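# structure for this input, please:
(chains A and B)
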Amino acid sequence: MKKVAIVGVGQTKQEASKPHQSFAEMLYEAVKAALNDANMWFDDIGNVVSASSDFWDGRTISNMAIQDVTGTTYKKTESKVASDGTYATVYGMMRTLSEYYDTTLVAAHCKGSEGNTRIITNAIFDPLYQRAIGLDAISGAALQARRYMTKYGITEEQMAKVSVKNHGNARNNPYAQLPMDLKIDDVLNSRMISDPLKLYDCSPISDGAAAVILASEDKAKEITDNPVWIRGAGYSIDAFYLTDRDLAECDSLRAAASMAYRMAGITDPGRQIDVAEVYDSFSYQELMWTEGLGFCKPGEGGKLIDSGRTQMDGDLPVNPSGGVISAHTVTTAGLVRVVEAALQVRGEADKRQVPDVNTAVAHGTSGYCGQGNCVIVLGREK
Amino acid sequence: MVGAKVGVTSGRAKQEFNDELLRITMMVDIPYNFSAGTFGSIFFRELKDSRRIMGIKCNKCGEIFVPPRVLCPECLVELSIDDCIEVSSEGTVEGFTVVNFPFIDPNTGKVRNYPYGTGNIKLDGVSNLLWHFLKESDYSKIHNGMRVRAVFEDKRVGLPSDIRYFETIEGEGEK
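Numbers count the residues shown, from 1 in each chain, chains lettered A, B, ... in the order given. Okay, the predicted model is just below:
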């Protein structure tokens, strides 16, 4: 099968609030950066796939108002994934593979500051049985964290290590919202939000946008000498009701990773992957996702962080960018992972660059507690 | 008995069961605070402070659009705040409808008095249309080609409703 390459990436700084930009102005900043990165302009783009959410945007059919800033007015097709930007990347890959389009612009945006996080994240849950009990992003995650700790003996200290590592890594990333120099005790002593999750176990909700330009195999070679190849992609989804799942397991991530690795020819992910950007909405989730991505066995995410392998100076750094815990633009954060993983493969991640990256993984989630997962393997070689 | 089936099988039982069907009511308001951004802020600030309607003139094709925006919608050229210009507050109706149902104003949460006239107005010199209230709410008197001018509220707050409505300019653009 022919391959698709990433030939341009762009992102805005992720911030608590961006009052100087409407959501369209914000998205344009990321799109323009990606176009400039690829040395292209709107005329060179075949079609657009976007990612955004009606609820977060506060408008019915959220993608209907981004046509100017994605260059699609009157002239091109655009369609939306109402989910994380990693899924939009896979959709864009498929459209490019169809050979109907040479190039696809993938664009995602979210302004978390403009809506109400509590109400919006409560509204994903079942309105008949669960919404009124008060489940939302944080209390749902707290249930998962508690279950994960109970089943596998994961400790609050191990969770805190993720927060310390990723907020520390964010100091090297000018696009991250929360660069912080934390100690484990700072995390453990931070304000309790929903037991066992404390303030520094939780991601903020951010404003930001990201964009990626995909090109067919032949077109990519025309556009750049430094294409980043999509070697593999996979996605999978678990049951809707949290109460139907064993929340300590990430079966859908294992399935998504398995699909992506099979396509990429990866048989030993813990050795063959050089760096990973994962969707750690909460500290404990990075531990779970490293299990689901096959970097360690089920239940050994705590041991993995203890080993130091996922630190910047380890042999498998996870979230050099600071991760989602340092900047969380909903529906966009997964595309930010793709951007960051692509920069790592290109060797252009500046102060957060991991040495000698051949293969990188970007991971996105959709739904709560990692219900849906999308895994993309990027490489210097096809 | 635990585990007993509660089945709805016969026609009669089904009818009786339908009488028992329930609905769950949700009464959640979701507040939003939309950033007007750089260009929107210019539009609403000028409306509020100076009774001026702002547009933007494309530095490539020369067309003028209302409200101002970051890209020319025709040629996709990036525009700047220096391209913002005041446009005419008079124009021509190019489409209209008289709304005759209760409408909840999203800025206030209250039902607006109806019927009320609305129109797509082509402000003089502007390439696109501005959708706004018409003072005239008798649809037998509204017509395309009707000339209108903006009437501003005395007390303005930086919302589209700072323009109270567009009133008919008598003697111009008659049917």
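# which residues touch the host helix or strand of residue A:56?
Counting by DSSP states H and E, the element that carries residue A:56 is helix A:54-57. When contacts are defined by C-beta atoms under 8 Å, 6 or more residues apart in numbering or on different chains, helix A:54-57 is touched by residues A:23, A:60-62, A:82, A:110-112, A:114-115, A:120, A:123, A:330-331, B:30. C-beta here means a position set from N, CA and C on the backbone, and glycine is covered the same way.
# out of those, which end up buried?
A:23, A:62, A:82, A:110-112, A:114-115, A:120, A:330-331 (16 or more other C-beta atoms under 10 Å in any protein chain shown).
# can you name the residues of chain B that neighbour chain A?
With C-beta under 8 Å from any C-beta of the partner chain as the criterion, chain B comes near chain A at residues B:24, B:26, B:28, B:30-40, B:69-71, B:73, B:76, B:78.
# what subset of those residues is buried?
Looks like the residues of chain B next to chain A have B:35-40, B:69-71, B:76 buried, using 16+ other C-beta under 10 Å.
# next, the buried residues of the lengthiest helix in chain B.
Among the elements of chain B assigned as helix by DSSP state H, the one spanning the most residues is helix B:37-50. The neighbour-count check on helix B:37-50 (16+ other C-beta under 10 Å) flags B:37-44, B:46-48 as buried.
# in CSV, list the C-alpha atoms belonging to it.
Extracted in CSV, the C-alpha atoms of helix B:37-50 (Å, rounded to 0.1, in the frame of the first residue of the first chain):
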residue,chain,number,x,y,z
GLY,B,37,-11.3,38.5,19.0
THR,B,38,-9.3,41.3,17.4
PHE,B,39,-11.6,42.1,14.4
GLY,B,40,-14.9,41.5,16.3
SER,B,41,-13.7,43.8,19.1
ILE,B,42,-13.1,46.6,16.6
PHE,B,43,-16.6,46.1,15.2
PHE,B,44,-18.4,46.2,18.5
ARG,B,45,-16.2,48.9,20.1
GLU,B,46,-16.8,51.3,17.2
LEU,B,47,-20.5,50.5,17.3
LYS,B,48,-20.7,51.2,21.0
ASP,B,49,-18.4,54.2,21.2
SER,B,50,-18.9,56.0,17.9
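# give the other helices and strands that whichever helix or strand comes after it contacts.
Beyond helix B:37-50 on the C-terminal side, the first helix or strand identified by DSSP H and E is strand B:53-57. Packed against strand B:53-57, as judged by 3 or more C-beta pairs under 8 Å, 6 or more residues apart in numbering or on different chains; DSSP states H and E, are the following elements: helix B:37-50, strand B:64-65, strand B:84-87.
# mind checking which of those is nearest residue A:94?
Closest approach to residue A:94 among these is made by helix B:37-50 (33.0 Å; C-beta to C-beta).
# what sits up against the longest helix of chain B?
With C-beta under 8 Å, 6+ apart as the test, helix B:37-50 has contacts from A:19-26, B:36, B:52-54, B:56, B:67-70, B:81, B:84, B:86, B:152, B:156-159, B:162-163.
# what does chain A have sitting close to chain B?
Looking at chain B, the residues of chain A close enough under C-beta under 8 Å from any C-beta are A:17-26, A:28, A:32, A:42, A:55, A:58, A:68-69, A:71, A:73, A:111, A:113-116, A:119-120, A:123, A:127-128, A:131.
# show the pLDDT at residue B:107.
pLDDT, the model's per-residue confidence, is 82 for residue B:107.
# state the distance from it to chain A.
13 Å (C-beta to the nearest C-beta, to the nearest Å).
# which residue, other than its chain neighbours, is closest to that residue?
Once its chain neighbours are removed from consideration, residue B:107 has its nearest residue in residue B:159; the separation is 5.9 Å (C-beta to C-beta, 6 or more residues apart in numbering or on different chains).
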